[in-house]
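# Predicted model follows, preceded by the sequence.
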Amino acid sequence: MLTIIKSEKRVQIWVFKTNIRFKKDLLLVAPLLNCTSAILSWNVDRGDVDKVLRVESLHLQAQQIIDLVQQAGYHCEELPD
Amino acid sequence: MRTRDENKEKAIREKAIEMIVEEGLDGFGVNKLAKAAGVSPATIYIYYKDRDDLIQQLGSSVAHEMMSYSLADFDPEASFAEGLKKQWINRAHYFIEHPLSVAFIEQIRYSHYYEEIQNGMKVTFGKVMGQFVTNAIKREELKELPFEVFWAVAYAPLYQLIKFHTQGESYVNQKFAMTDEIMMQTLQLVLKALKP
C-alpha cells in the first residue's frame, strides 16, 4: 500500500512594529523579504499607526526578520502582546 | 511566534461587529478594536492581515451564516408556495435572532467590501434560488418576471414587516410585533400576486 507522507509544517506568524510608511519604503524592503524562502507571505498594514509588518514563515526566528528589515534601513521590533 | 486561540478570535470578531454597527467603518481600526476587545494589536494581526482583511473576512463570515440560515431545510424542488414560505420563515428567524449581524451587513452594504462578499455567495445561493424559481415557472406556479420585479414582490413585503417588528411600531400603531398570522396573511397576498 502506498502511503502519502504529509509534511506537517507549521506556519509561524510574526508581527512587528516598523516605520515602513510609504510605497517607496515598501519597494526597498520587498526584495529582501521576497528572496527569503522561509517567508511564505508578508504584508505591511500602512494604515495602522504601528505600520505593522506581518510575516507568515516556516522555521524562522524573529531576529532574522528584524535583521532583514534593518538591512533595508528601517526600524523593526516585535509588537508586544 | 504567535499562536492561535479560538476564544480570542471569537471575542475579536464579536467586538469588531459591535463596533462597526455602532460607529461605522470610518473610525474603525485595529488599534481601537484591540483596546475595546482587551487584546493587544499584535493578537489581532495573528488572525487578520490588516484592517481591510479583517472587514472583508467578517463580512464574508456573516454573509455565509445568513445564507446557510436561509437555505436550511430548503428544498428547491418544493412547490413555489411551500418553498417561499420556508424562505420567509428562515429569513424572518435570522433577522429577528441576529439583529447585530443584520445591522453589520447593512453597514458594509454600500462599501467596496460588499462586492467581493456578494461574489462569494452568488454561486451557491444563486444556484439554489435560481433552480427554485425556474422549477416554479416551469410548473406554472409562478409568473415569469424580471428579477427585480420578482424580488420586490416576493421578499420586500417580508423585510418591511421585519422592519416594523424591529422598530416595535408602525406608522399607525404605537406597538407592533410580527406574529405568524400576520406573516402568513402577507405571504398569501404575495403568492396570489405572483401566480400566473
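Received, thanks. Numbers count the residues shown, from 1 in each chain, chains lettered A, B, ... in the order given.
# burial of residue 71, as a residue count?
Using chain A here. Neighbourhood size, A:Gln71 [other CB atoms under 10 Å in any protein chain shown]: 12. Heads up, the C-betas are built off the backbone N, CA and C, glycines and all.
# other chain: chain B
B:Leu71, neighbours per other CB under 10 Å, totals 17.
# Find the helix or strand that the closest residue to it other than its chain neighbours is a member of.
Distances taken as CB to CB, 6 or more residues apart in numbering or on different chains put B:Val128 closest to B:Leu71, at 6.0 Å, once the chain neighbours are dropped. B:Val128 is part of helix B:113-138 when elements are defined by DSSP states H and E.
# what do you get for B:Leu158?
Here B:Leu158 is assigned to helix B:156-167, by DSSP H and E.
# Show me which positions of that helix end up buried.
B:Pro157, B:Leu158, B:Leu161, B:Ile162, B:Phe164, B:His165 (16 or more other CB atoms under 10 Å in any protein chain shown).
# likewise stretch B:58-71?
B:Leu58, B:Gly59, B:Ser60, B:Val62, B:Ala63, B:Met66, B:Met67, B:Tyr69, B:Ser70, B:Leu71.
# and those as CSV, adding pLDDT and secondary structure?
CSV is the format used below for the buried residues of stretch B:58-71 (pLDDT from 0 to 100; DSSP: H, G, I helix; E, B strand; the rest coil):
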residue, pLDDT, secondary structure
B:Leu58, 95, helix
B:Gly59, 95, helix
B:Ser60, 93, helix
B:Val62, 94, helix
B:Ala63, 93, helix
B:Met66, 93, helix
B:Met67, 93, helix
B:Tyr69, 94, helix
B:Ser70, 95, helix
B:Leu71, 95, helix
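# of all these, which comes closest to chain A?
Nearest to chain A among those is B:Leu58, at 15.9 Å by CB to the nearest CB.
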